[in-house]
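*Asks:* With the input below, show me the fold.
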Amino acid sequence: VKPHLESNGGKYLGPGITQVIQCHNGQLLTQMALNSLGGKIQRAKEDKKLVYLLFTGSDWCPPCISLEQRVLQTQRWQNDTSNMLNHICDFPITKQLSDEEKRENARLAQSYNVTAYPTQLILNGDGQVVRRSEGFTGSVNGYINWVLGK
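*Replies:* Numbering: from 1, shown residues only. Just a heads-up that it's a prediction; the model follows:
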């Protein structure tokens, strides 16, 4: 354990940690871990899928709001990206997030060097960035084609 605790770098910034999985605020940390980006990447690797990672300001960023309304809420998005796992890191102003979500979103934004919203990443099952895009001004078809690598 000592070398792990003293390590730095790799996929995540900062020193390694160990944590016992236990009940917390009525929610199992195990479930939180499975819903985390790390859990989704692991599932993507097992299922040979990609991960769509979105950094958004859902209640204040005009391009983010447009992306949500024009693309992410469409039936085409649901159908065409059904072979991907989605992970959204939200940075809202008025919407409340748990402290855990805020910390995780901030850590991921730092890890992936996010400086603009929306930032979209397509990750493979090893957690490597396959495609990256910032902003949203395109059409629904063009955006979905980009996500799918067409």
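
*Asks:* so where do the helices sit in this structure?
*Replies:* 2-5, 29-35, 37-47, 62-67, 75-80, 99-111, 140-148 (DSSP state H).

*Asks:* List the buried residues for stretch 113-127?
*Replies:* Using 16 or more other Cβ atoms under 10 Å as the test for burial, stretch 113-127 gives 114, 117-123, 125, 127. Just so you know, the C-beta spots here come from the backbone N, C-alpha and C atoms, and that holds for glycine as well.

*Asks:* now do stretch 71-84
*Replies:* 71-72, 77, 80-81, 84.

*Asks:* Could you list the low-pLDDT ranges of this protein?
*Replies:* By pLDDT under 70, the weakly predicted segments of the chain are 1-35.

*Asks:* Quick one, which of the helices of the chain gets closest to Glu134.
*Replies:* helix 62-67 (9.3 Å; Cβ to Cβ).

*Asks:* Can you get me the centre-to-centre distance for the closest one and its chain?
*Replies:* 17 Å (Cα atoms, centre = their mean, to the nearest Å).

*Asks:* how deep is Cys64 tucked in, by neighbour count?
*Replies:* Look at Cys64: counted by other Cβ atoms under 10 Å, it has 24 neighbours.

*Asks:* Thought Val71 was touching it, still the case?
*Replies:* No: checked against Cβ atoms under 8 Å, the pair Cys64 and Val71 is beyond contact range at 10.9 Å.

*Asks:* Could you name every residue contacting both of the two?
*Replies:* Shared contacts of Cys64 and Val71 (Cβ atoms under 8 Å, 6 or more residues apart in numbering): Phe136.
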